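Peer 1: Attaching a predicted model along with its sequence, questions to come.
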Amino acid sequence: MVAAPDYSVAEALRKENLSQADYDEICRRLGRAPNRAELGMFGVMWSEHCCYRNSRPLLQGFPTTGPRILVGPGENAGVVDLGEGQRLAFKIESHNHPSAVEPFQGAATGVGGILRDIFTMGARPIALLNALRFGPLEDERNVGLMEGVVAGIAHYGNCVGVPTVGGEVAFDASYSGNPLVNAMALGLMETEQIVCSGAEGVGYPVVYVGSTTGRDGMGGASFASAELTEASLDDRPAVQVGDPFLEKGLIEACLEAFQSGDVVAAQDMGAAGLTCSCSEMAAKGGLGIELDLDRVPAREAGMTPYEFLLSESQERMLFVVKPGREQALMERFTRWGLQAAVVGRVLEDNIVRVLQKGEVAAEVPASALADDTPINHHELLSEPPAEIQAHWRWSEDQLPAASAAGITPAGGTATSWNDALLALLDDPTIASKRWVYRQYDHQVQANTVVPPGGADAAVVRLRPQQGEGAMAPATRGVAAVVDCPNRWVALDPERGGMAAVAEAARNLSCVGAEPLAVTDNLNFPSPETPTGYWQLAQACRGLSAACSALDTPVTGGNVSLYNETRLPDGTMQPIHPTPVVGMVGLVHDLAQVRGQAWREAGDAIWLLGVPLSETADARVTLAGSSYLERIHGALTGRPPEIDLVLEKTVQAFLRQAIAAGLVASAHDLSDGGLAVALAEACIASPAQASLGADLALPAAARGRLDRLLFAEGGARILVSVPAERHQAWRAALESSASAGAAPVPAECLGSVLEQPRLRLRQGDQTLIDLPVADLRRSFEQAIPRRLGPDLPPTA
Amino acid sequence: MTVGVLVFPGSNCDRDVRWALEGCLGVPTTFLWHEQRQLDGIDAVVIPGGFSYGDYLRCGAIARFAPVLEAVRAFAAAGGPVLGICNGFQVLTEMGLLPGALTRNAGLHFICEPAELRVSPGGCRWLQGYGAGETIRLPIAHGEGRYQCDPEDLRRLEDNGQVVLRYAANPNGSVGDVAGISNPAGNVLGLMPHPERACDPVTGGVDGRPLLASLLR
């Protein structure tokens, strides 16, 4: 029998988001009732955010090993071997809930947190990307959220001096009130040894560095693991305030400290602050940590143990340091104007002991907090939910007939193909994100080879910022991308999950980079509904299958559940399930990096992947397409089958062709299909170059011209080939067929025009004929015109 | 020839300036920590971009009290070449080596984009590698680059030929389209655009090379 604690258990459990069963388990593990501070520690450590209590069984299917993987899931970030002595740390993380209630600081601290994950490993951050989701911009609240999030990312990333080189932004009504903010960071290792988090050395001092601890961000991890309601706005104190200036100093001081060899283990303080860092370091090292709160640099007086332990004040780290070296180490930090203090020591027993005013304020076995954390078991539906099955019954035959003149959507007006293309370019999800990325410093560190908007993936040169090699010319680079076709995931989470990986790898291949590894951010609604858990499970299946097939293991990531909003009428509005895939690739020769833009008039335009004439193929469809949603107002159908073998073949062929210098430009087909990809290649070409494209399309069966123009799927990539390399290109295609491998499907559709027009013909009929200036206007102004003043043209 | 590159807590283009000067142009550099008081053996000073001291209070307002800047002031007075880029320009105006002030961009947003500039080198020693009226393209990356001064000061600057760089399409609301100004002697230049980001063909244009290479003339 456990003695009754001195607080209301029911109320405390509600506050900590724990169940009675959790409480009973805690009492069993401790052999007594926890005090209030201890219960708080369990609350954060047993939240989905910290221990994946809903998703862990599903994550176990991910491939996590490979010849290039040095550090897989479980550490602060994954690390891959780039060869030539270079190693890359990378990771993605969400800050969705904080951004929903306080977009500026929520997004800013998301950037700060992911950067700490990188430099805690001993890597200097070299690039940031982000994946964002908002509700439609027709709603002022969504505009405010987007402005705040973008300004917050810019504030932190620009000041801390890490370029924001890429990302993706998409809009859907399901994200109204629950935006998604996923930040990804890449870092180049600067230390010999990868710095890990497991404590070592009984009696070694534990050193706290960085900012002070205050009452901000209390209980952020628990807050992040519950759905959003109107009352969530009252949780604004759970959102931390970031200081990128301090973080900049922290990066420099930490990397200096790691290079000194005096730091035995390091852990940043993110979610769950001191609680998480102490228990992770203790649990991973099989040792204990004693922490004296009286020595923790505090921002305000009178803080209770509970507040110290659960504070999520930003820009803090905990180190285990070699004895006798702590003074020299702390001076590195004070030189940068940072706090540094010895706050405890490593214990032999595997416990976290917290002292305040000479008394034990909390004492918990580290393994009780961090190991064998509870799992919420959910039953997996044996077949897709009824509403999904209904969507899958939709077929293209339900669309009105299409002719060369266009189509008249049910209940709508006659729409020419010109109009349809301009409408798709005006869709904020497809349109230029220049309004967003011009607010990010994408050049600092002087290594950005491809600026945002220039190619299918960002490319950063691998030139160290410090030490040996910093002043030497470098010819290799790293490419990175974030991707998630959330519309497809909503309609078929398994295919959508596969498509996210396939598209990320395709994007990397388009710039000529070899895909290496994945970090994933699973943004989902509540797993406690049958549909919610089914979505999560199916998406994980899809991700696993595609990562295995494309040889891109998962090195870690983040899970963000309960992304739903309680509407005023009491019903829950879940987000589209959004498994964001962050993928990194290696560029062997920067001189061969390719962009989207046409290079020269007369270059031949080819389509790789499922050919246009292939009409009854489940790998290409209008179901779940941007065209279906935007032009016909329907979000329905079963997204295309993902042919991972074809993806791999096409991508490998393209990379070889790029390396052999056969390709002038490459751009994958995504939202809006062929017509939008062609338009984007025209728009990306500099205005003064005055290039366009002229294409003759094959016949479409069943009269579905819209399928020809706007269907999605099929591992398709648009490529332009210089006239003088055309013969070599054809030879390469032919030998791909004879090498015993599956032949690479490819067809020549036309050529780059010395005139800024996009023209698509079929036989003697013109389907689309538009000046590039018109395409550019729709594409460039789609977002600005919904926010206010138009953007000036690029210089 | 050794160029001193100042480093404040929060500077973040210090290494980029070093890469442009040393890696791209072969000009040796050394970092000068904000607390040092000597510039021995330094032939030119660059105050790089970034967010010195977090740019709290006001951009460059805290940096102006840094010990190293007393030495820079004396160095400039003796005719030594001093270049302030972005945050460095803000610091130069805050410490009074250049007139005027830089305030929040007219559109309130941070802007990172290439900008077309018209160069009027006049007597500015940093710009002698450009022809009068030449148009160049340098990246800008700032949230507070809107140059402000009263109309009389602007007229005086223009009459003296001190408005040496102007935006072709004003991105931030600067008076007189000012992108960069020099002191009357021509040895001190402050500009918001980043010449060090335009010295390397791999990462962009090379229009910034003549500016930094002026140190080799």
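Peer 2: Now that the structure is in, tell me what you want to look at. Numbering: from 1, shown residues only, chains lettered A, B, ... in the order given.

Peer 1: after whichever strand or helix holds A:Arg345 comes which helix or strand?
Peer 2: Here A:Arg345 sits within strand A:339-347, counting by DSSP states H and E. Proceeding N to C from strand A:339-347, the next assigned helix or strand is strand A:351-356, under DSSP H and E.

Peer 1: quick one: strands adjacent to that following strand?
Peer 2: Strand pairing for strand A:351-356, using DSSP bridges, gives strand A:288-292 (parallel), strand A:359-365 (antiparallel).

Peer 1: Of the ones you listed, flag the one that's most buried.
Peer 2: Neighbour counts (mean count of other C-beta atoms under 10 Å in any protein chain shown) averaged over each of the strands paired with strand A:351-356 peak at strand A:288-292, with a mean of 24. Every C-beta, even on glycine, is put in place using the N, C-alpha and C of the backbone.

Peer 1: Let me see the residues that make contact with that one.
Peer 2: A:199, A:206, A:274, A:278-279, A:281-282, A:343-356, A:366 (C-beta atoms under 8 Å, 6 or more residues apart in numbering or on different chains).

Peer 1: Now the buried members of those.
Peer 2: Among the contacts of strand A:288-292, those scoring as buried are A:199, A:206, A:274, A:278-279, A:281-282, A:343-347, A:350-356, A:366 (criterion: 16 or more other C-beta atoms under 10 Å in any protein chain shown).

Peer 1: Of all the strands paired with strand A:351-356, which one is nearest A:Ala455?
Peer 2: Closest to A:Ala455 of those is strand A:288-292 (C-beta to C-beta; 46.4 Å).

Peer 1: now the angle from the closest one to strand A:339-347?
Peer 2: 140 degrees (axes from the mean of the first three to the mean of the last three C-alpha atoms, to 10 degrees).

Peer 1: if you average pLDDT over strand A:288-292, what comes out?
Peer 2: Confidence over strand A:288-292 (mean pLDDT, whole number) is 94.

Peer 1: Show me what the longest helix seen in chain B is packed up against.
Peer 2: Longest helix in chain B by number of residues (criterion: DSSP state H): helix B:67-77. Judged by 3 or more C-beta pairs under 8 Å, 6 or more residues apart in numbering or on different chains; DSSP states H and E, the packing partners of helix B:67-77 are strand B:44-47, strand B:82-85.

Peer 1: Kindly compare burial across these and name the winner.
Peer 2: Neighbour counts (mean count of other C-beta under 10 Å) averaged over each of the helices and strands packed on helix B:67-77 peak at strand B:82-85, with a mean of 29.

Peer 1: what residues does the helix or strand following that strand touch?
Peer 2: Heading C-terminal from strand B:82-85, the first helix or strand you meet, by DSSP H and E, is helix B:87-94. The list of residues contacting helix B:87-94 from outside it, by C-beta under 8 Å, 6+ apart, reads B:6, B:11, B:13, B:46-52, B:55, B:58-61, B:63-64, B:69, B:82, B:84, B:98-102, B:144, B:180, B:188, B:190-192.

Peer 1: Specify the angle between helix B:87-94 and helix B:67-77 in degrees.
Peer 2: Helix B:87-94 and helix B:67-77 are oriented at 80 degrees to each other (the same axes, to 10 degrees).

Peer 1: Any idea how far the helix or strand following helix B:87-94 is from the middle of the chain?
Peer 2: Toward the C-terminus, helix B:87-94 is succeeded by strand B:101-103 as the next helix or strand (DSSP H and E). How far strand B:101-103 lies from its chain's middle: 13 Å, per C-alpha atoms, centre = their mean, to the nearest Å.

Peer 1: now stretch A:714-733
Peer 2: On the basis of C-alpha atoms, centre = their mean, stretch A:714-733 sits 31 Å off its chain's mean C-alpha point.

Peer 1: Give the rounded mean pLDDT of that stretch.
Peer 2: 96.

Peer 1: and the residue in the stretch 201-350 of chain A positioned nearest to chain B, how many neighbours?
Peer 2: For the stretch 201-350 of chain A, the nearest residue to chain B under the criterion C-beta to the nearest C-beta is A:Phe245, separated by 3.0 Å. Residue neighbour count, defined by other C-beta atoms under 10 Å in any protein chain shown, stands at 22 for A:Phe245.

Peer 1: Then A:Gly249?
Peer 2: Other residues within reach of A:Gly249, judged by other C-beta under 10 Å, total 23.
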